[in-house]
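> Provided below for reference: sequence and predicted model.
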Amino acid sequence: MRRAVHAVLLLLGASILCFLLSDLAPGSFFDEMKLNPQISPYTIAALRSAYALDQPLAIRYGRWVKSVLRGEWGYSFAYNAPVRSLLVVRARNTLLLTGFASVLAWPIALLLGIWAANRADTWGDRLTMGGTALLLSVPELVLSLCLLYLAIRTHALPVGGMVSVSFDRLDPWARTRDLAMHLIVPVTALVLSSLPILVRHVRSSMIEVLKAPFIQAARGHGIGRTRALLRYALPAAANPLISLFGLSVAGLLSGSLMVEIVTGWPGLGPLLLEASFARDLYVVVGVVLASTVFMISGSLLADVMLVIADPRVRVE
Amino acid sequence: MGTEQGAKRAIKPALVRTRALCKQYGQHRLFSRGKFTVNALVDVDLEIPFGGVTALVGESGSGKSTLALCLGMLEKPDRGEIWFEGSEISRWGARKLAPLRSKIQMVFQDSAGALNPSFTAAEIIEEPLEIQRRETGRRLRARACELMEEVGLSPEWAKRSPLALSGGQRQRLAIARAIALRPTFLILDESVSGLDLSTQAQILNLLLNLRATHSLTYLLISHDLSLVGQIADFVAVMHQGRIVEQGPRQQVFASPQHAHTRELLGSVRILESAFRAAQAGGRS
């Protein structure tokens, strides 16, 4: 219950801040129209009052909250549609992308991290660490560009967008295939950029736990290496990893903005970018708020999982 | 007469014996060649006679715990031999060691860290029985409860988390786990340090009783000489990875040969009175 109140307060705070900051930024959506001699100042003034832009900030905020409660999430000037209908489609695309990336990245990270921890300070481990350090130092942007370059040079993969132009004429199987092919470049970019952090966390928390006396005691009883790793060490090492998992859930909506923009994926990233340039205020606020909702649910999820997984947290 | 007995005791084969045991820990340095090394064990010759309490004393960092880990088969020595019940075991592989592990058990200092936090008290005792396939099904839980009773823990606590137990209770649990496989050799690595004096004395009493009923041989690792003075039959003194002195306790305590032993003996003997009081309390 206390958590729910916190969450609502956090959402309110984030939206107010978002409103305030965008109000501080100079210009508005209709300012560019002023440069157009064919649109009369009267029309612009009429539009401004239609969207209530001539009202004070507090009133605009109040109207926006009402519209959120109605399920509209404000109104987009550029698309001339309620923000929610825009967000839902874009968020679905983003979640498809980030969901796939997470589902791929976590098992790989767990396997690699456990493998490296098990043979800490051998060549295999050093190679893994070197590789992740290298990946860590390459910005997402460069990574995406490199992948795009490869895709273009080899003609093996489609570049840009989410589906081919002929998508509507394809049968269901071919549609799935087409979508999957379009997913490969952005998903790979996301996996490669999130992998190093995950692998390093898994490895370090496993190494820490493998030194614990209770693992040594179990080894003293003759436990097999695999069982010690998976049944003893992994649950004990899960604590920081669960927090990290919560963070990666939290980042599902906001973590792929750059990759989406570069690879042309029609998710929230390009929408946010366009809306920011066009000063499409309510779209920006909507995207920020949707990300905040994910942040809050991610950390909530992590907390719940921690209580389930860790007896120490339960005791407290 | 006394010397004759002493000679006989010396002839009796030791349960555990090490010959020229060496262990080095190394770490690669960043941006430079070569390794940064620590000589944890240097030519360690140690004899642990059957049935007695052999104390391994020395300041922290003297190599006691490394020796314990080597004897407990949790670390491989770089060189040298470890003889246990007449076989040289230091080069044995995991498969060959597996049955032997039940004979050598350790009780660690940090009882909280030594017990798997995601297990209940009973599951902790069942763990070695399960790994070594000694008991299954309902017998497993029954045996765990028997062992809990044997170390003075109520079987009603079987489902408690080790985190909900006190330090002394946790150490009892660790001891129950260690004797579950009916070992012959128990390594007590600072097992009573960190407990308050009366709990320390109670745990020591428990250990001495168990030694009698299970005919155990103890290697007691401690930096606390007053404790060693209470229960050890033999004493080995470690300093900078070497054993600088070893022999019967009275001999080492009465006429220490090595300067480091004399230095260690200068430490306080507070435990004595508490131990005596607890022993008197236990008898009545």
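Yes, it's here.

> which residues sit against stretch A:23-41?
A:Thr43, A:Ile44, A:Leu47, A:Arg48, A:Leu53, A:Leu57, A:Phe77, A:Ala78, A:Ala278, A:Arg279, A:Asp280, A:Leu281 (Cβ atoms under 8 Å, 6 or more residues apart in numbering or on different chains). For glycine as for every other residue, the C-beta is placed from the backbone atoms N, C-alpha and C.

> now with 7 Å?
Residues outside stretch A:23-41 that contact it (Cβ atoms under 7 Å, 6 or more residues apart in numbering or on different chains): A:Ile44, A:Leu47, A:Arg48, A:Leu53, A:Leu57, A:Phe77, A:Ala278, A:Arg279, A:Asp280, A:Leu281.

> So for stretch B:70-79, what gets flagged as buried?
Buried residues in stretch B:70-79, defined by neighbour count with 16 or more other Cβ atoms under 10 Å in any protein chain shown: B:Cys70, B:Leu71, B:Gly72, B:Met73, B:Leu74, B:Glu75, B:Pro77, B:Asp78.

> Rounded mean pLDDT for that stretch, please.
Average pLDDT, stretch B:70-79: 92.

> ok, that stretch near chain A or not?
Yes - applying Cβ under 7 Å from any Cβ of the partner chain, one finds stretch B:70-79 touching chain A at B:Gly72, B:Leu74.

> circling back: now list the buried members of the contacts of stretch A:23-41.
Neighbour counting with 16+ other Cβ under 10 Å marks A:Ile44, A:Arg48, A:Leu53, A:Phe77, A:Ala278, A:Arg279, A:Asp280, A:Leu281 as buried within those.

> Leaving out sequence neighbours, find the closest residue to the third one.
The reference is to A:Leu53. Leaving out its chain neighbours, the residue that sits closest to A:Leu53 by Cβ to Cβ, 6 or more residues apart in numbering or on different chains is A:Ser28, at 6.1 Å.

> near chain B, which residues of the stretch 151-300 of chain A show up?
Counting by Cβ under 7 Å from any Cβ, the stretch 151-300 of chain A sits next to chain B at A:212-214, A:216-223, A:232, A:235-236.

> Next step: the residues you listed restricted to helices.
The helices, defined by DSSP state H, take in A:Pro213, A:Phe214, A:Gln216, A:Ala217, A:Ala218, A:Arg219, A:Gly220, A:Pro235, A:Ala236 from these.

> and residue 227, what element?
Defaulting to chain A. helix A:225-227 (DSSP states H and E).

> my question was about chain B
helix B:225-231.

> I'd like the next helix or strand past that helix.
Later in the chain than helix B:225-231, the nearest helix or strand by DSSP H and E is strand B:234-239.

> Next, the distance between the ends of stretch A:161-170.
End-to-end distance for stretch A:161-170, by Cα to Cα, to the nearest Å: 17 Å.

> How about residues contacting it?
A:Asn93, A:Pro158, A:Arg175, A:Asp178, A:Leu179, A:His182, A:Gly264, A:Trp265, A:Pro266.

> what's the lowest-pLDDT member of these?
Across the contacts of stretch A:161-170, the bottom pLDDT score, 87, is held by A:Pro158.

> before we move on, back to that, would you turn the residues of the stretch 151-300 of chain A next to chain B into CSV with distance to B:Gly61?
Output for those, formatted as CSV (distance: Cβ to Cβ, whole Å):
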residue, distance to B:Gly61
A:Ala212, 21
A:Pro213, 18
A:Phe214, 23
A:Gln216, 19
A:Ala217, 23
A:Ala218, 26
A:Arg219, 23
A:Gly220, 23
A:His221, 28
A:Gly222, 29
A:Ile223, 29
A:Tyr232, 28
A:Pro235, 32
A:Ala236, 27
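
> ok, longest helix in chain B?
Using DSSP H, we find that the single longest helix of chain B is helix B:197-214.

> Phi, psi for the residue of the stretch 1-150 of chain A found nearest chain B please.
Chain B sits closest to A:Asp121 of the stretch 1-150 of chain A, with a gap of 7.8 Å, by Cβ to the nearest Cβ. Phi and psi for A:Asp121, reported as degrees, to the nearest 10, are phi 70, psi 20.

> next one: B:Arg141
Torsion angles, degrees, to the nearest 10, at B:Arg141: phi -70, psi -40.

> can you pull the contacts of it?
Here B:Arg141 is in contact with B:Ala122 (Cβ under 7 Å, 6+ apart).

> Recalculate using a threshold of 8 Å.
B:Ala122, B:Glu126, B:Ala158 are the contacts of B:Arg141 under Cβ under 8 Å, 6+ apart.

> so which of those residues comes closest to B:Val44?
Ranked by distance to B:Val44 (Cβ to Cβ), the contacts of B:Arg141 are led by B:Glu126 at 35.0 Å.

> Pull up the residues of chain B that are close to chain A.
With Cβ under 8 Å from any Cβ of the partner chain as the criterion, chain B meets chain A at residues B:28, B:69, B:72-74, B:97-99, B:101-102, B:104-106, B:108, B:110, B:113-118, B:127-128, B:131-132, B:161, B:163-164, B:174, B:177, B:181.

> In chain B, what residue spans correspond to strands?
Taking DSSP state E as the criterion, chain B contains strands spanning B:14-28, B:35-49, B:53-57, B:79-84, B:87-88, B:104-107, B:185-189, B:217-222, B:234-239, B:242-248.

> cool, and the stretch 51-200 of chain A?
A:75-76, A:81-82 (DSSP state E, counting those that start in this stretch).

> most tightly surrounded among those?
Comparing the strands of the stretch 51-200 of chain A by mean neighbour count (mean count of other Cβ atoms under 10 Å in any protein chain shown), strand A:75-76 ranks first with a mean of 22.

> Counting by contacts, list what that strand packs against.
Other helices and strands packing on strand A:75-76, by 3 or more Cβ pairs under 8 Å, 6 or more residues apart in numbering or on different chains; DSSP states H and E, are strand A:81-82, helix A:83-118, helix A:281-309.

> Save the strands of the stretch 51-200 of chain A as CSV, and put in distance to A:Trp115 too.
Formatted as CSV, the strands of the stretch 51-200 of chain A follow (distance: least, Cβ to Cβ, whole Å):
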stretch, distance to A:Trp115
strand A:75-76, 48
strand A:81-82, 49
